[in-house]
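Engineer: What follows is a predicted structure for the sequence shown.
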Amino acid sequence: MRRPTQNVRHSGTHVFLLAMSALWLAPLLWTLYTSLRPKEVTDKYGYWSLHGPFNLHNFGTAWTDGDLPRYFVNSLYIAVPSVLLTLALASMMAFAVSRYTWKFNVTLLILFTAGNMLPPQVLAAPLFEMFKHTPLPYVLSTSGSLLDTYYAVIAVEVAFQLGFCTFVLSNYMKTLPGELTEAALVDGAGVWRQFRRIILPLTRPALAALATLQVIWLYNDFFWPLLFLSSGDRLPITTGVNSLQGQFLMNYNLIAAGATLTVIPTLIVYLALQRHFVAGLTLGASKG
Amino acid sequence: MTQTTAPVPVATEVERAPRARAGRVRRLTGSDRLVLGLMVGVPTLIQAVLIWIPTLLSIGLSVTRWNGLALSGIKPVGLDNYRYALRDYPPFWPAIAHNVIWLGFLALVATPLGVLLAVVLDQQIRFTRLYQSVFFTPVMLSLVLVGIVWQLVYARNEGLLNNLLGTAGTNGAVDWLGDPHVNLWAALIATGWRHAGYIMVLYLAGLKGLDPSLREAASIDGATGRQTLFRVVFPAMRQINILVVVITFIEALRAFDIVWVINHGTNGLELLSVLVIQNLVGEGQVIGVGSALAVLLLIVSLIPIVIYLVRTFRKAD
Amino acid sequence: MHRRSVLKGTAALGAIPILAACSGGDPATQAADSKATSLGSGLADAVPKSGIQAMVDLFQQQSGDTVRLNVMPRDQLVNNISTYLQANPEDVITWFAGYRMRYYAGKGLLAPVDDAWETIGKNFGAGLADASAYQGKKYLIPNYNYPWAVFYRKSVWQQHGYQVPGTWDELLALCATMKKDGLSPIAFGDKDGWPAMGTFDYLNMRTNGYQFHVDLCAHHESWDSPKVQAVFDNWTALLPYQDTGALGATWQQAAHNMANKKSGMYLIGTFLLQEITDKSIVDDLDFFPFPAIAVEGTDAIEAPIDGFVMTRRAEKNKAAMDFLSFLGTGAAQDAYASKDSSNLQTAADANTSTFSPIQKKAAEMIAQSKKVSQFFDRDALPAMANNVMIPALQSFLKDGKVDLKNLETQAKTLYAAA
C-alpha cells in the first residue's frame, strides 16, 4: 500500500540515510581494511594509506596464535546446552502458568521476569562463593568445585534467560485458543500429552525465534565466563577475544583480524536466520 | 549478559486477544498434578537458587567484613561498608555521575536516533531493507567487539578518527580513550552505535504492527505527516514507548563490558557495575564493600524493573 | 515436534559427558608419584614467553616429566589472582616476591616450597631468601630480578650535550632543557595503572628514605602526613615533564616514544628490553639511577624479584616440587636468559658471562645498593595498591590533585579488613 504524502521528501531522506549508513559502516570497514594489511606495510606507511599488498595472513596468524578454534568450540559447549535447557524449561513453565490458573502463577511470572532484568553484577559474589563451596569429583571438574567449569556458566545463563523466555512463551501460549486443549482433555489426554502434542508444536515459531536470539546472546556473553572460568583454554570466544588485546598488544592488524573472525559466525546466523532473529527481538511487539 | 533481553510487552495482545480459558488445577488427577508440579518446580527452583537467593546473600554480605576465604571469617560490621562507599571511596560519586550521563546520552541521543531511523525507514522508500540491515549489524556484535572495533577507530596515531581529522601522529592528536575528559563520550558513541540500531528494530516492528487505518483516518482528516506522527502514531505506540524507556534505563545501569574492554573501568570510565566487580574479584578483593555497591546498584535497578512490571502486569491480570 | 523435543532433550543430556571431558580430568595434580605438573604463566609478551618455554622444554627433557603450560596475559593473571588461586590454578605459577607473595601465603592459597629450597637454597643469598620467606617457610623460587632506572638513548644525549643528572635540581633543569629542545622529557605510560607506582616509590624513597617506604606500605605510617605531601609536592614539579598522554598509553607504547627519540628519558625496569629488541637501538641505550633528592643519596633502588610459587593444591605433587627445584638452578635460569636478556638471573651458579653491557651495569647497580625495595604493589596490601593507589595516582596525573586524608581513611578500612 502506498501512502500518498510520502513521495515528496524522499531525496532528503536518502541523503540522511546514506550519511547515517556511512557513519554506521565506517568502523566496520576500517576494521576489515586494517585486518587485510600486513603489519610491516602499516608500520611503514601508516594505517591511513592505500599501499598494498592485501592478504589474509593476519587472519591465519590470529586464528592459530590467538587459539581461536578452541574458543569457538568452547562457545558451542556453553551455548548449545544453555539454549536447549532454557527453552525446554521455559516452555514447560510457560505452559503451566498460561494454561492453568492457580494461586501464585502470576506472582511467579513476575518474579521470573524481574530476575531477568537484574544487573548480573548484583549476583556475582554470592554465586562465586556458592560455586566455590559446591564440591564436585575430579572426574567432572579439575577444580574440585563448580568453579572453572562449564556447568557453572550454563547454570547461570539458563537461570538468567529463563525469565525472558518464560515470559515470551507464556504470552504466546495465552493466545492459543483454549478449545485446543479442552478437546484433548475430553479425549482423556493428560497434562504432559497436552503440552507435548498440542501446545508445543503450535509454539514452534516462537521457539525458533527465541532459539536464534538466545544463540546470539549467549555467543556474545562476556560477563559470566569472565567471572567463573579461570583457565584461559576454557574461555568462550567473546571472553577469549578480549585477551587477544593483551596478547597482540599494539598489533592492530592482528586484533582487527581476530575481531573480524569472531563476527563471522554471528553474521552467518544472522543472514541465514534473519527473520527468526528479528522476530525473537520483537516477539509480541508486532502482531503475530 | 551483554544485552538487556527485556521482554517485549504483549499486554496489548493479552488485552485484546480472546484469552484462553485457563484450566483449573483442582480438576486434575494426581499424576497430572505431579507433572505440572515438576514443570513449575524445576524452573522455579533454578530461579530461586541462582537468582533470588544470591540477591539476598548479596544484601547479607554487604553488612559484613570478609576476605572471601573461610566462611567462619565473616564478621558483621553494620553499615560500615555503605558509609565507606558513599563517603570515603573516591570513585563512587564519579561512577554515579557517569551512570547518569550514560543514561542521559542513551535517553536523549541514542534512543531518539533509533526511533527516528525507525520512523524514516517505515516509509515506503527504496532500499529500506538494505538500510535496516546496515543499522542492525552492530546489534549482532557483542559489546566486547564493539569496544574492540571502536578502539581501532579511536587509537591515537593509528585510528580512523584522528587520521580523518588529520591530527594523527601530531601532538594535537586527541587520545580519545586515554584522556579522562573525553573517553566517557567516546565510549558512549560506541555504545550508542549499537543501542540506536537495537531501538530501531524494536520500534520498526511496532510501527509495522500499527493498524494502518489509524493513519488513513488521520490523513483523511487533513493531518500533516508530522501531526500524524506526534498526535496519532506515537500515542498509539504506548506499550513500545514504555519498553524502549525501560530498556534504555536498564542498559544504562548494566553498562559494563565496553568500559571493561577499554581500560577495566578506570581513569574516567568508572561505572557502578565495574566498581562492584573491581571490589569483588580484583586483586584487592573486598567482598563487603563490593556487596554494598552491588546492593546500591540493585536498589537503583529496581526502579525501572518495578515500573515495567507494574505497567505490564496490571492490565494483563 | 514430539520426536524433536525428545531429540533435543537427548542432545542436552548427551552434552554432559562432553562437558565433563572439558571441565574435568585426571586428578593428576593430587598424586604423589605423578609425572605431570603444570605452569600458569603471566609472561605473555613474545620475549619472556619464549624464555619460559625454554625452561619448560629443558625440564621436560631432563626429567621426563611433562609440564602443561598455560600462558595468559599478565594483567589477567594479576587482576584475577585471588579468584584464580581459589578456583582451578596450575600447580606452579609465575609470581612476585614481597608482601604480594606473603599475603596469599598467609591466606593459605600457596604451598611452602622448603623441599625445593633444600636442594637449591645455596644458590641464593640472605636477601633473596628473606624475600622468598613467610613465617619461617619459603614460598617463592626466585627466577630473575631487574632494577628500575632512568633509561635514555646515548645518541640523543650526545647530540644535545646532556649530562646525567645526579640531583633533583639537575634533573628538573635537564627536563626544562629537553622541553626547550622539542623533546617530551620523560616517557610515561600508565594506562594499566601500576607503572606510575615506580615514580611514586622513587620519589618517596629519595624524599623520605627506604624505611619510610616500607612502613608506609605496611601502613605503619599515616598517609595523611607532611612526608607524603612532600612526595606529591616533588611530583608536582616533575609532572609537567612527563608524557601528557600517559593515561592512555601502555608502558610498551611509552617505550617506543623513547626509542623513536620523541622522549628524552624513561623511568622503567630493565624489562624495557623485552619491548625494544632492535639491536641498533639497544646498543644505543644507557641508564642511570634515579637522582638523589633529600635523604640517603641513591642508596635505595627498586629491584623487584620475579619467580615461581606453588599453589595449595599441588602440595603433594612430586613433579611440581621437582619442577620448582629445577627452576631454582642456574641452568634453568640460563635457559630463560638465553631468550630474554633484559633481566638478571638470581641463582649464584647462573652464567653471567654472557651479560650484555646493560645487564652488567644493572647487576652492579643492585650489588652496590644498600637497600632494595620490591615495588609498591608488591610491598603493600593488594587492595591498597589496586583499589586505592591506582585510581589515586591516575587522578593525580589527570589534574595534579591528591586527597591524602581520603587515602588514609581508605587505608584504615582496607588494612583493618585484611
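Structural biologist: Great, that's in hand.
Engineer: neighbours around residue 171, how many?
Structural biologist: Because you didn't say which chain, this covers chain A. A:Asn171 has 25 neighbours, counted by other Cβ atoms under 10 Å in any protein chain shown. (C-beta placed from N, C-alpha, C; glycine too.)
Engineer: my question was about chain C
Structural biologist: Counted with other Cβ under 10 Å, residues neighbouring C:Leu171 total 24.
Engineer: List the buried residues in the helix or strand of chain A with the lowest mean pLDDT.
Structural biologist: Here the helix or strand of chain A ranked lowest by mean pLDDT, DSSP states H and E is helix A:179-186, holding a mean of 78. By 16 or more other Cβ atoms under 10 Å in any protein chain shown, the buried positions in helix A:179-186 come out as A:Thr181, A:Ala184, A:Leu185.
Engineer: Closest to B:Leu165 out of those residues?
Structural biologist: A:Thr181 (64.4 Å; Cβ to Cβ).
Engineer: Apart from its neighbours in sequence, what residue is nearest the closest one?
Structural biologist: A:Gln194 (4.8 Å; Cβ to Cβ, 6 or more residues apart in numbering or on different chains).
Engineer: The residue nearest to C:Pro195 when sequence neighbours are not counted: what's it in contact with?
Structural biologist: Excluding the flanking residues, the one nearest C:Pro195 by Cβ to Cβ, 6+ apart is C:Trp251, at 4.8 Å. C:Trp251 is in contact with C:Gly189, C:Asp190, C:Asp192, C:Pro195, C:Ile268, C:Glu275, counting by Cβ atoms under 8 Å, 6 or more residues apart in numbering or on different chains.
Engineer: and C:Thr409, how many neighbours does it have?
Structural biologist: C:Thr409 sits with 19 neighbouring residues when counted by other Cβ under 10 Å.
Engineer: separation between the residue nearest to C:Pro195 and chain B?
Structural biologist: 13 Å (Cβ to the nearest Cβ, to the nearest Å).
Engineer: For chain B, what lies in contact range of chain C?
Structural biologist: Proximity of chain B to chain C (Cβ under 8 Å from any Cβ of the partner chain) is limited to residues B:65, B:67-69, B:80, B:84, B:88-91, B:156, B:175, B:177-180, B:183, B:263-264, B:266-268, B:270, B:278-279, B:281-286, B:288-289.
Engineer: Please narrow these to those residing in strands.
Structural biologist: The strands, defined by DSSP state E, take in B:Arg65 from the residues of chain B next to chain C.
Engineer: Could you find the closest non-adjacent residue to the closest residue to chain A within chain C?
Structural biologist: Using Cβ to the nearest Cβ, C:Pro73 is the residue of chain C that sits closest to chain A, at 2.9 Å. Counting by Cβ to Cβ, 6+ apart, C:Pro73 lies nearest to A:Gly246, which is 2.9 Å off, once chain neighbours are set aside.
Engineer: can you dump the C-alpha coordinates of stretch A:139-147 into CSV?
Structural biologist: Output of stretch A:139-147 as CSV, limited to C-alpha atoms (Å, rounded to 0.1, in the frame of the first residue of the first chain):
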residue,chain,number,x,y,z
VAL,A,139,36.3,-36.6,37.0
LEU,A,140,33.8,-33.8,36.5
SER,A,141,35.8,-30.8,37.4
THR,A,142,39.6,-30.3,37.8
SER,A,143,38.9,-27.5,40.3
GLY,A,144,37.1,-29.9,42.6
SER,A,145,34.2,-27.4,42.7
LEU,A,146,31.9,-25.7,40.3
LEU,A,147,34.4,-23.0,39.6
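Engineer: Buried residues of that stretch, list them for me.
Structural biologist: Residues of stretch A:139-147 classed as buried by neighbour count (16+ other Cβ under 10 Å): A:Leu140, A:Ser141, A:Thr142, A:Ser143, A:Gly144, A:Ser145, A:Leu146, A:Leu147.
Engineer: Please verify my assumption that the fifth one contacts A:Pro135.
Structural biologist: Yes - under the criterion of Cβ atoms under 8 Å, A:Gly144 lies in contact with A:Pro135, with a separation of 6.3 Å.
Engineer: can you narrow the buried residues of stretch A:139-147 to ones near chain B?
Structural biologist: Counting by Cβ under 8 Å from any Cβ, nothing from those sits close to chain B.
Engineer: could the residues you listed go into TSV alongside secondary structure?
Structural biologist: Compiled in TSV, these are given as follows (DSSP: H, G, I helix; E, B strand; the rest coil):
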residue	secondary structure
A:Leu140	coil
A:Ser141	coil
A:Thr142	coil
A:Ser143	coil
A:Gly144	coil
A:Ser145	strand
A:Leu146	coil
A:Leu147	coil
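Engineer: Okay, helices next: where are they in the stretch 301-418 of chain C?
Structural biologist: Taking DSSP state H, counting those that start in this stretch, the helices of the stretch 301-418 of chain C run over residues C:318-327, C:330-337, C:357-368, C:376-379, C:382-383, C:390-399, C:404-417.
Engineer: Redo those helices as TSV? Include mean pLDDT and distance to B:Ala168.
Structural biologist: Below are the helices of the stretch 301-418 of chain C laid out as TSV (pLDDT from 0 to 100; distance: least, Cβ to Cβ, whole Å):
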stretch	mean pLDDT	distance to B:Ala168
helix C:318-327	94	45
helix C:330-337	94	38
helix C:357-368	91	33
helix C:376-379	93	33
helix C:382-383	88	38
helix C:390-399	92	23
helix C:404-417	90	38
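Engineer: Can I get these in CSV including distance to chain A?
Structural biologist: Below are those laid out as CSV (distance: least, Cβ to the nearest Cβ, whole Å):
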stretch, distance to chain A
helix C:318-327, 15
helix C:330-337, 20
helix C:357-368, 23
helix C:376-379, 18
helix C:382-383, 15
helix C:390-399, 17
helix C:404-417, 14
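Engineer: Export the ones you listed to JSON lines and append columns for distance to B:Met39.
Structural biologist: Converted to JSON lines, these look like this (distance: least, Cβ to Cβ, whole Å):
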{"stretch": "helix C:318-327", "distance to B:Met39": "49"}
{"stretch": "helix C:330-337", "distance to B:Met39": "60"}
{"stretch": "helix C:357-368", "distance to B:Met39": "70"}
{"stretch": "helix C:376-379", "distance to B:Met39": "53"}
{"stretch": "helix C:382-383", "distance to B:Met39": "46"}
{"stretch": "helix C:390-399", "distance to B:Met39": "49"}
{"stretch": "helix C:404-417", "distance to B:Met39": "45"}
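Engineer: Fine, thanks again, bye for now.
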